[in-house]
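# quick one: sequence and predicted model below, then my questions.
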Amino acid sequence: MADQRIDELKALLPHCLLHDWVRLGSRLVRLLRDRHHPDKHDALLRRILDEVRASIALREARRINVPRVSYPPDLPISVRKDEIVAAIRDHQVVVIAGETGSGKTTQIPKMCLEAGLGIEAMIGCTQPRRVAALSISQRIAEELNVTWGREVGCKIRFDDRSGAHTYIKLMTDGILLAETQGDPALAEYNALILDEAHERSLNIDFLLGYLKGLLARRQDLKLIVTSATIDTQAFSRHFDDAPIIEVSGRLYPVEVVYQPLDAASEERGDISFVDAAVQATERILCETNFGDVLIFMPGERDIRETSDQLESRFGGEAEVIPLFGRLSSGDQQRVFASSPRRKIVIATNIAETSLTIPGIRYVIDAGLARISRYNPRTRTRRLPVEAVSQSSANQRKGRAGRVEAGVCIRLYSEEDFNARPPFTQPEIQRANLAEVILRMKAFSLGDIETFPFVQAPTPASISHGFALLQELGALDDQRELTPLGRDLARLPIDPTIGRMLLQSQREHATHELLIIAAGLSIQDPRERPLDQKEAAAAAHKKSTTQSPTSSRCSTSGTPSTTSGTSSAPRTRAGSFAGNTSFPTCGCASGRTFTRNCTTRWKISAL
């Protein structure tokens, strides 16, 4: 195809925005290869050329309107600004460790702007949690004196506040991982900042491995890995001995006070960590006149118990605010709102990283968290309450020194702290690898045995994961995804529960299995929404006052007597194998189970 416009396009494409270069360049290649629609080539060329010129104009507008960058002089990281900017320019990967309160989370994206990044593509910054992504993006927009949602954007699940004029984009790490499916080259970004990498969640480990391969293909892409309590040597080795910059110092000092529980009283049940936290809060409120309190609890039930006790004692003097992951974004944002009263924020480890809650001066740390662990032998997942690592404890301590000098009260001894592991065990080493393998197969992330994890899972765990997926019918004998496996990968739940739901469609029992799956998918089915307690109580009351018709078969009215005794084939994971049908319900009719028959067998079969 001889056309002067083709040469013009080849010359102009490198001056487009990066993602337009990739997208429009691919369209041009397809057009040049097309031999079946020559009559449409002229219109397509004209359209591509118009889009290329528009992209070049937008890139130039972005270059002209780059926000003016300034740094708070009192932040410790501001002193190292020139060194960090030079390192970003000179190296593809930089590992930065900065103490909590040094200002790294809000200032490093601005340093990327100063290094000349963010023009032809965005600067992406990941956070483990949506509340952190939202609050940090708003803080950066405020410091740059630009409009939030325009020059500085944020993308979380179901909400995207970024666009063509966005320079810095905050998001959860799960969002960035999902974007690799539609944009494997991540062409929307020319710099990525993985913040709070010490958490080592599955998403973070996937991104670290994926980016290691992508960086070899995209020499223009910059990566900054950062955290306050990061294992710098491990991350540096993973990225071929990337340079390490350590920022010492914090804006405000934090005093650590150890107040361990009495072992004998705790063993007798006379006092719990909830009681100790309430007592410590009472002393703070009685002995001081200002400063809000942040209490770390392992789970939602502990938060509610602590909240109830504090509400009964200080309901009129202080505002008690719960904070955990299942809360809506609006409820989570309550912690940032000003209040005429002192605030007592009771949180899980969601408040452990990257959150600057205004007014927090005191932190009370129970030193505990619910940590998910999967046992491949019994094929069960537990959420035991365990002692947090030293890195997590130090992150919690840092919440007290964000806006003024603070105090961290640890409800355990200093000897206990020193005996704890320095870093939290990566989730990849304690997760259900069946779910990990299924995700990797569906996302085309490669084989788990060769994937470049920072710390790989054990071969035994990998074998158990493959065996379970084959047993569920998600993988064939060659360990390739089956059609059922592709359907299973679309369900954002445990593979065994997802397999139950897929089989329920064949057995015409989806309504019943959805209820069971919902109960198995959450931490505690007795949990009630904090903002809908009365509605939940009314619903429970309504269901208990109605006559229970589900325990009898509608065909005969005879109660079922075969609970748990059916011989229907099941997999070891509790899902149904093949095209099996439900057994007879045991009533006089001898018919198979229908929606009107008892679901007791289905429950016992799980």
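Structure's in. What do you need? Numbers count the residues shown, from 1 in each chain.
# could you chop the chain up by domain?
Per the record's domain assignment (automatic domain parsing), the chain is made up of the domains 4-64, 76-247, 254-424, 432-490, 493-527+549-606.
# can you lay out these as a markdown table showing distance to residue 541, mean pLDDT and mean neighbour count?
Every residue, glycine included, has its C-beta placed from N, CA and C. Supplementary listing: the domains of the chain in a markdown table, determined by distance: least, C-beta to C-beta, whole Å; pLDDT from 0 to 100; neighbours: other C-beta atoms under 10 Å:
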| stretch | distance to residue 541 | mean pLDDT | mean neighbour count |
| --- | --- | --- | --- |
| domain 4-64 | 54 | 91 | 14 |
| domain 76-247 | 32 | 93 | 20 |
| domain 254-424 | 20 | 89 | 18 |
| domain 432-490 | 37 | 90 | 17 |
| domain 493-527+549-606 | 15 | 56 | 16 |
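# what kind of secondary structure is residue 493 in?
The local conformation at residue 493, judged by DSSP: H, G, I helix; E, B strand; the rest coil, is coil.
# touching, it and residue 518? I think so.
No. Look at residue 493 against residue 518 with C-beta atoms under 8 Å: they stay out of range, at 9.5 Å.
# just to revisit the earlier point, nearest to residue 535, of the domains of the chain?
Each of those has some distance to residue 535 by C-beta to C-beta; the shortest is domain 493-527+549-606, at 13.9 Å.
# phi, psi for residue 127 please.
phi -130, psi 150 (degrees, to the nearest 10).
# what about it, distance to residue 197?
For residue 127, the distance to residue 197 under the criterion C-beta to C-beta, to the nearest Å works out to 11 Å.
# equivalent analysis for residue 257, please.
Remark: distance between residue 257 and residue 197 (C-beta to C-beta) = 29 Å.
# helix/strand/coil for residue 191?
Per three-state DSSP, the local secondary structure of residue 191 is strand.
# so what's it up against?
Counting by C-beta atoms under 8 Å, 6 or more residues apart in numbering, residue 191 makes contact with 88, 112, 117-118, 121, 123-124, 221-224.
# switch the cut-off to 7 Å
Going by C-beta atoms under 7 Å, 6 or more residues apart in numbering, residue 191 touches 112, 117-118, 123, 222.
# beta-bridge partners for it, please?
Beta-bridge pairing of residue 191 under DSSP bridges involves residue 123, residue 222.
# just the closest of the contacts of residue 191 to residue 51, please.
Comparing the contacts of residue 191 against residue 51 with C-beta to C-beta picks out residue 118 as the nearest, at 21.6 Å.
# and the residue nearest the centre of the chain, how close does it get to residue 115?
In the chain, the C-alpha closest to the average C-alpha coordinate belongs to residue 128, at a distance of 4.7 Å (C-alpha atoms, centre = their mean). Per C-beta to C-beta, residue 128 is found 25 Å from residue 115.
# could you do residue 401 as well?
The span separating residue 401 from residue 115 equals 29 Å under the rule C-beta to C-beta.
# again with residue 215
Distance, residue 215 to residue 115, by C-beta to C-beta: 17 Å.
# element containing the nearest residue to residue 510 once chain neighbours are set aside, please.
Leaving aside its sequence neighbours, residue 510 sits nearest to residue 504 (C-beta to C-beta, 6 or more residues apart in numbering; 4.5 Å). Secondary-structure element containing residue 504, defined by DSSP states H and E: helix 495-506.
# show me what that helix packs onto, helices and strands only.
The criterion is 3 or more C-beta pairs under 7 Å, 6 or more residues apart in numbering; DSSP states H and E, and the helices and strands that helix 495-506 contacts are helix 433-443, helix 459-472, helix 483-489, helix 510-521.
# go through those and name the closest to residue 146.
For those, distance to residue 146 was read as C-beta to C-beta. The smallest value, 34.0 Å, belongs to helix 433-443.
# and the closest one with helix 459-472, angle?
Between helix 433-443 and helix 459-472, the angle formed by their directions is 70 degrees, by axes from the mean of the first three to the mean of the last three C-alpha atoms, to 10 degrees.
# how much does helix 433-443 deviate in direction from helix 495-506?
Computed by the same axes, to 10 degrees, the angle between helix 433-443 and helix 495-506 is 70 degrees.
# show me how far helix 433-443 is from its chain's centre.
Mean-position distance between helix 433-443 and its chain equals 17 Å (C-alpha atoms, centre = their mean, to the nearest Å).
# packing partners of it?
Helices and strands touching helix 433-443, by 3+ C-beta pairs under 7 Å, 6+ apart, are helix 459-472, helix 483-489, helix 495-506.
# apply 8 Å and report the result again.
Packed against helix 433-443 by the contact rule (3 or more C-beta pairs under 8 Å, 6 or more residues apart in numbering; DSSP states H and E) you find helix 173-182, helix 202-217, helix 459-472, helix 483-489, helix 495-506.
# pull the longest one out as CSV, backbone CA atoms only.
Read that as helix 202-217. Listed in CSV are the C-alpha atoms of helix 202-217, where the atom choice follows Å, rounded to 0.1, in the frame of the first residue of the first chain:
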residue,chain,number,x,y,z
LEU,A,202,-1.1,-12.1,46.7
ASN,A,203,-1.7,-9.1,44.5
ILE,A,204,1.6,-7.5,45.4
ASP,A,205,3.6,-10.7,44.8
PHE,A,206,1.8,-11.2,41.5
LEU,A,207,2.7,-7.7,40.5
LEU,A,208,6.3,-8.0,41.6
GLY,A,209,6.7,-11.1,39.5
TYR,A,210,4.8,-9.7,36.5
LEU,A,211,6.7,-6.5,36.5
LYS,A,212,10.0,-8.3,36.6
GLY,A,213,9.3,-9.7,33.2
LEU,A,214,7.6,-6.5,31.8
LEU,A,215,10.6,-4.3,32.8
ALA,A,216,12.8,-6.4,30.5
ARG,A,217,10.5,-5.7,27.6
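# for residue 334, see how far away residue 386 is.
Using C-beta to C-beta, which is the criterion applied here, residue 386 is 28 Å from residue 334.
# over to residue 499?
According to C-beta to C-beta, residue 499 and residue 334 sit 39 Å apart.
# repeat for residue 298
To residue 334, residue 298 is 21 Å away according to C-beta to C-beta.
# would you map the strands across the stretch 301-450 of the chain?
318-323, 342-347, 360-365, 368-370, 373-375, 380-382, 385-387, 406-410 (DSSP state E, counting those that start in this stretch).
# which outside residues touch the fifth one?
Among residues not part of strand 373-375, those counted as contacts by C-beta under 8 Å, 6+ apart are 380-384, 430-433.
# need the helices and strands packed on helix 495-506 in JSON lines (columns: distance to residue 305).
Converted to JSON lines, the helices and strands packed on helix 495-506 look like this (distance: least, C-beta to C-beta, whole Å):
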{"stretch": "helix 433-443", "distance to residue 305": "31"}
{"stretch": "helix 459-472", "distance to residue 305": "35"}
{"stretch": "helix 483-489", "distance to residue 305": "38"}
{"stretch": "helix 510-521", "distance to residue 305": "23"}
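# out of the ones you listed, which comes closest to residue 81?
Residue 81 sits nearest to helix 433-443 of all these, at 37.2 Å, using C-beta to C-beta.
# residue 25 contacts residue 13, doesn't it?
Yes. The pair formed by residue 25 and residue 13 meets the contact definition of C-beta under 8 Å, at 5.4 Å.
# how about the helices in the stretch 1-150 of the chain?
Assignment of helices within the stretch 1-150 of the chain using DSSP state H, counting those that start in this stretch yields the ranges 4-12, 18-33, 41-64, 76-79, 81-90, 104-114, 130-144.
# would you turn those helices into a markdown table with distance to residue 285?
Formatted as a markdown table, those follow (distance: least, C-beta to C-beta, whole Å):
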| stretch | distance to residue 285 |
| --- | --- |
| helix 4-12 | 66 |
| helix 18-33 | 53 |
| helix 41-64 | 50 |
| helix 76-79 | 31 |
| helix 81-90 | 40 |
| helix 104-114 | 30 |
| helix 130-144 | 25 |
